[in-house]
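my questions are about this predicted structure, shown below with the sequence.
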Amino acid sequence: MIVVIFRIGIDDTDTSSGYCTTFVATLLLEEALRLGFEIIDFPHLVRLNPNIPYKTRGNAAVALILKGEIEKVEILFKKFEEICEGLIDEKADKPNPVMAFYNGDQELLREFYNRCLVSEISIEETMGLARKLGIKFLALRGVRGLIGAIAAIGANLDEFTYELLAYRDPNDKGRERGLSYAKVLEMDRLFKKYTFHNIDEGKKRILITPHGRDPVLVGIRGSDPDKLIEAFKFLGIQAQRWLIFKTNQGTDAHLKEAMKNENFARYGVIYEEAKIKDRPKVMPGGHVILDCLIKGKHAEALVYSESGAMNKLARYLHEGDLVRIGGGIKEIGASKMTINVERIEILSLSDVYLRKRPVCARCGSRLKSAGSGKGLICKNCKIEIPFEFHILTKIERPLMEGQVLLPPPRSRRHLTKPIEGNYQGIRKEFSLDYFYSKFLFPQKESVVNLS
């Protein structure tokens, strides 16, 4: 009997009508407890590069950190296969469910995780890494899910938040979650210091409930797992299971990695200084194009109309302004790249002046040109000035240095760090107080009294 600490990585189990990766991880964690495995840390919910076109919904992968008899790991693989049975649609190329097992040095995979935050990673490279490190995996179809599974194993989560995810009966395929906006608004106000991205007040939209047919009832994000349980209890939701994950959500992990390592490639993430070259262009539909220079390269930064106040304020940028732009590279060529903007930080603002001819001292009307080289004239009073000049008035803009522009909560990435407060996760040891299943703990009282 060999007892080891190991990590299980899971990815690509999302379907439009079935499970999601966190739910599969929750079922696997139940099985691990039945087998006598010890849970070493909160399960890790890892969001990866949000610009990858073939990602599943939130580009999320999960890692379980366990300790137990290595001989029993095979049972977890069989359980994964059983859970995912029926998820694969032969008429579609998704999902590609993968479960990976690794009990080696996690630091060897840290760089891989970091690159998965900002780059497009090939299957060939991932397979090569798995062979090199002896990572055992089960791919139930294609192997694309191996990328996220290994990245989740390699995620160290130095900076983190938490998310409490509650689940209904997976056979319930309804789109309604039975929560009112008024109830979630009240919860948000009570727990504002500890939770984030619960609602979008501008559109009066609930952000903690999905709208699909998957088993997730709610996902409450925040800094303190105990406060998440209190918030969940306040909502009074009927759930079969709930589990708290440690996550990289709300940390700007992708932008921080992009600042450390330049990544000028298609689908790459950048967070770079940009000098505005011209007045912003407002396109039909309200999208704004910022013409700018980034590291000497011409870039068009797209601020979509859905970006709300960020879109409106971006229209006040002017030639000579220096900003830091965060986002994903949509296209890149020899002379120009196109960026989908998700964050703008104002570094310095140039002085912008309104240039007008003076007014007549007698009647107050604006002076006109008397002709080329003939100076100015008042058309009413016929007063003439033998030379032409203009009055410059500094334009005040609703922007300031140090200001950060973000889309409204409804349009933010999972990784986007909110500017409304500090939600850095409080370090706590995992215990079964942070996990409930009415199937695994039939005698245990749930926070929503479902025992």
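Structure received. Numbering: from 1, shown residues only.

list the buried residues in stretch 65-75.
Buried residues in stretch 65-75, defined by neighbour count with 16 or more other C-beta atoms under 10 Å: 65-66, 68, 73. Placement of C-beta: from N, CA and C, glycine included.

go ahead and confirm residue 349 touches residue 323.
No. Between residue 349 and residue 323 there is no contact under C-beta atoms under 8 Å: 9.1 Å.

helix or strand next in line after the longest helix belonging to the chain, which one?
Secondary structure of the chain per DSSP state H: the longest helix is helix 21-34. Once helix 21-34 ends, the next helix or strand along the chain (criterion: DSSP states H and E) is strand 38-39.

name the helices or strands packed onto that following strand?
helix 21-34, strand 60-69 (3 or more C-beta pairs under 8 Å, 6 or more residues apart in numbering; DSSP states H and E).

just say helix, strand or coil for the residue of the chain most remote from its centre.
Distance to the chain centre peaks in the chain at residue 382, reaching 64.0 Å (criterion: C-alpha atoms, centre = their mean). Following DSSP: H, G, I helix; E, B strand; the rest coil, the label given to residue 382 is coil.

looking at this structure, which strand is longest?
For the chain, the longest strand by residue count, based on DSSP state E, is strand 336-348.

below-threshold pLDDT in the stretch 51-200 of the chain: ranges please.
56-57, 88-93 (pLDDT under 70).

please name the bridge partners of the residue lying closest to residue 353 once chain neighbours are set aside.
Distances taken as C-beta to C-beta, 6 or more residues apart in numbering place residue 392 nearest to residue 353, at 4.3 Å, with adjacent residues excluded. The residues listed as beta-bridge partners of residue 392 by DSSP bridges are residue 355.

what is the neighbour count of residue 392?
11 (other C-beta atoms under 10 Å).

could you check the distance from it over to residue 130?
64 Å (C-beta to C-beta, to the nearest Å).

the residue nearest to residue 353 and residue 355 touch, don't they?
Yes. With contacts counted by C-beta under 8 Å, residue 392 reaches residue 355, the gap being 5.8 Å.

quick one: secondary structure of residue 141?
Quick answer, by three-state DSSP: residue 141 is coil.

and the closest residue to it other than its chain neighbours, what does it touch?
Using C-beta to C-beta, 6+ apart and skipping residues adjacent in sequence, the residue nearest residue 141 is residue 96, 4.9 Å away. Residue 96 is in contact with 12, 139-145, counting by C-beta atoms under 8 Å, 6 or more residues apart in numbering.

could you check how far residue 96 is from residue 81?
From residue 96 over to residue 81 the distance is 14 Å, taken as C-beta to C-beta.

equivalent analysis for residue 248, please.
Going from residue 248 to residue 81 by C-beta to C-beta gives 28 Å.

more neighbours: those two, which one.
residue 248 (26 against 13).

quick one: the more buried one and residue 159 touch, right?
Yes. Using C-beta under 8 Å, residue 248 is in contact with residue 159, at 7.4 Å.

domain-wise, how is the protein divided?
The chain breaks down into these domains under automatic domain parsing: 3-156, 263-351+395-407, 353-394.

just to revisit the earlier point, the residue farthest from the centre of the chain and residue 47, how far apart?
On the measure of C-beta to C-beta, residue 382 and residue 47 end up 71 Å apart.

re the thing from before, which one of the buried residues of stretch 65-75 is nearest to residue 316?
Within those, the smallest distance to residue 316 is 47.4 Å, found for residue 65 (C-beta to C-beta).

what's across from that closest one in the sheet?
residue 7.

what of residue 343?
According to DSSP bridges, the partner residues bridging residue 343 are residue 326.
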